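1. this is the structure alone, sequence omitted:
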Ligand code: TGC
Ligand code: FAD
């Protein structure tokens with residue numbers, strides 16, 4: 001792979017709106033990605049292996065629980081810093097950002113928000129340090145966009161629960177030490193359960209043959225009469241709103257993350273277009289390539305402003321689920337379109353692993369599907385503005 005010469009576009013001087021702390025956090029993450037992710041990521045993607053060697057570095061840049069308070073091991077940062085970290089990591093690879101998103105928003109967030117003090121003390125510091133890794137099980141083979149139909153269940157056996165069922169498409173599952181799993185109790189109420197590796201009847205087979213997120217480990221969670229101690233139930237919230245609350249946080253991070261992937265594609269295409277000579281001049285001097293590049297930068301700039309304003313609202317506790325959906329949907333769609341255009345700017349070279357663009361493009365096919373598909377986010381906006389949810393008849 002070519003050396004990482006990335007320079008971030010900032011056409012509307014967004015850096016002027018960032019605090020010294022935001023800039024410090026962003027620049028540290030940016031430098032770490034150049035140093036630790038760019039040199040190794042293409043090989044991992046080609047070989048479909050998860051880069052375990054970066055876990056410690058992710059913890060060190062504060063990517064595990066950026067907004068979790070410091071007394072639980074988190075970085076105690078605000079939501080814009082969280083977004084900037086996700087942007088920089090996804091600039092390197094969406095799969096690496098996935099690992100950070102899952103650990104922070106889908107494992108640490110529910111334990112912090114819906115857990116009791118003993119659960120927070122037991123899990124959060126280790127998760128923040130990367131000494132323990134987690135995954136999040138909501139999706140099932142027959143219930144993806146519609147998680148309320150889940151059949152994974154817990155049965156009260158007096159001094160413990162019995163967990164049965166299966167989850168699929170679970171990021172980090174093959175190596176996670178714990179899983180935050182959503183299951184229905186006998187009353188049909190959705191509860192959060194912390195399942196630990198090693199519990200009898202719990203297995204995590206890996207999902208192979210992915211053409212997307214190849215440097216992220218994906219798997220199933222299978223529960224066959226798993227004995228769950230009562231203290232492993234998240235006590236403070238139940239119902240579908242509990243996992244959906246986690247998704248709000250993760251989707252917000254993706255709205256920023258996608259900008260990183262798009263920036264990397266744009267920057268690569270711009271550099272290539274200036275260097276590549278055809279018909280006696282750089283292709284950057286042709287109107288058609290300028291149209292592509294100018295439109296990419298316009299869309300990135302709009303996405304940056306959307307994410308920044310959403311971050312302000314999130315910091316004030318005012319961001320709604322529908323606003324988050326709009327940003328996730330818009331920014332991922334923007335990124336995937338830019339990846340496709342940028343790939344064309346590089347001609348044949350665009351399909352090789354010498355450049356990051358094709359990897360980003362394939363990764364973004366997962367990003368546009370997970371955490372709510374492109375269609376589902378449109379329907380969330382539609383329901384919000386019309387008052388008529390159109391998910392089911
Ligand atoms: P609906 O009737 O709308 O809501 C059910 C209950 O939940 C409440 N609620 C929320 N609460 C907190 N935060 C939110 N964001 C909430 N949204 C809704 C709601 O008020 C209601 O409460 P109550 O008390 O009235 O019961 O639910 P629905 O069944 O109609 O579904 C709505 C829909 C389709 C939008 C939802 O199910 C959905 O978002 N589906 C998409 C599923 C999804 O995003 N799955 C993601 C799985 S995790 C993942 O992909 C990780 S990828 C990780 C990585 O690698 O980065
Ligand atoms: P389906 O729900 O079957 O949807 C198929 C198509 O139908 C989509 O285009 C969808 O938009 C459309 N559709 C569905 N309902 C409607 C409707 N009412 N109206 C119109 N169109 C509709 N899940 C987890 O729980 N944890 C994870 O860590 C996790 N990681 C993932 C990692 C990867 C690489 C991938 C690919 C997925 C991951 N997921 C995870 C699962 C992901 O959230 C689901 O794939 C996603 O929610 C969509 O569910 P589905 O694949 O079952 O598609």
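-> Looks like it came in fine. As the structure is a prediction and not an experimental result, all values here were calculated from the model. Ligands and ions are numbered 1, 2, ... in the order given.
2. backbone torsions only: list them for residue 216.
-> phi -120, psi 140 (degrees, to the nearest 10).
3. whoops, I mixed them up, residue 208
-> Main-chain dihedrals, residue 208, degrees, to the nearest 10: phi -110, psi 180.
4. what about it, how many neighbours?
-> Counted with other C-beta atoms under 10 Å, the neighbours of residue 208 add up to 8. Yep, even glycine has a C-beta here, placed from its N, CA and C like the rest.
5. how close does the closest residue to ligand 2 within the stretch 101-250 of the chain sit to residue 184?
-> Proximity of the stretch 101-250 of the chain to ligand 2 (C-beta to the nearest ligand atom) peaks at residue 144, 1.8 Å away. For residue 144, the distance to residue 184 (C-beta to C-beta, to the nearest Å) stands at 17 Å.
6. helix, strand or coil for residue 169?
-> Secondary structure assignment for residue 169 (DSSP: H, G, I helix; E, B strand; the rest coil): strand.
7. return the residues in contact with it.
-> 139, 144, 207, 218, 370 (C-beta atoms under 8 Å, 6 or more residues apart in numbering).
8. surely residue 106 meets residue 250?
-> Yes. Counting by C-beta atoms under 8 Å, residue 106 touches residue 250, with 5.5 Å between them.
9. these two: which has the busier surroundings?
-> residue 106 (26 against 23).
10. tell me which stretches of the stretch 1-150 of the chain form helices.
-> Ranges of helices in the stretch 1-150 of the chain, per DSSP state H, counting those that start in this stretch, are 20-32, 38-47, 55-60, 79-92, 94-101, 109-114, 117-129.
11. mean neighbour count, mean pLDDT and distance to ligand 1 added to the ones you listed, as a markdown table?
-> Below are those laid out as a markdown table (neighbours: other C-beta atoms under 10 Å; pLDDT from 0 to 100; distance: least, C-beta to the nearest ligand atom, whole Å):
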| stretch | mean neighbour count | mean pLDDT | distance to ligand 1 |
| --- | --- | --- | --- |
| helix 20-32 | 17 | 98 | 17 |
| helix 38-47 | 17 | 98 | 15 |
| helix 55-60 | 18 | 98 | 14 |
| helix 79-92 | 28 | 98 | 10 |
| helix 94-101 | 29 | 98 | 3 |
| helix 109-114 | 22 | 98 | 11 |
| helix 117-129 | 18 | 98 | 15 |
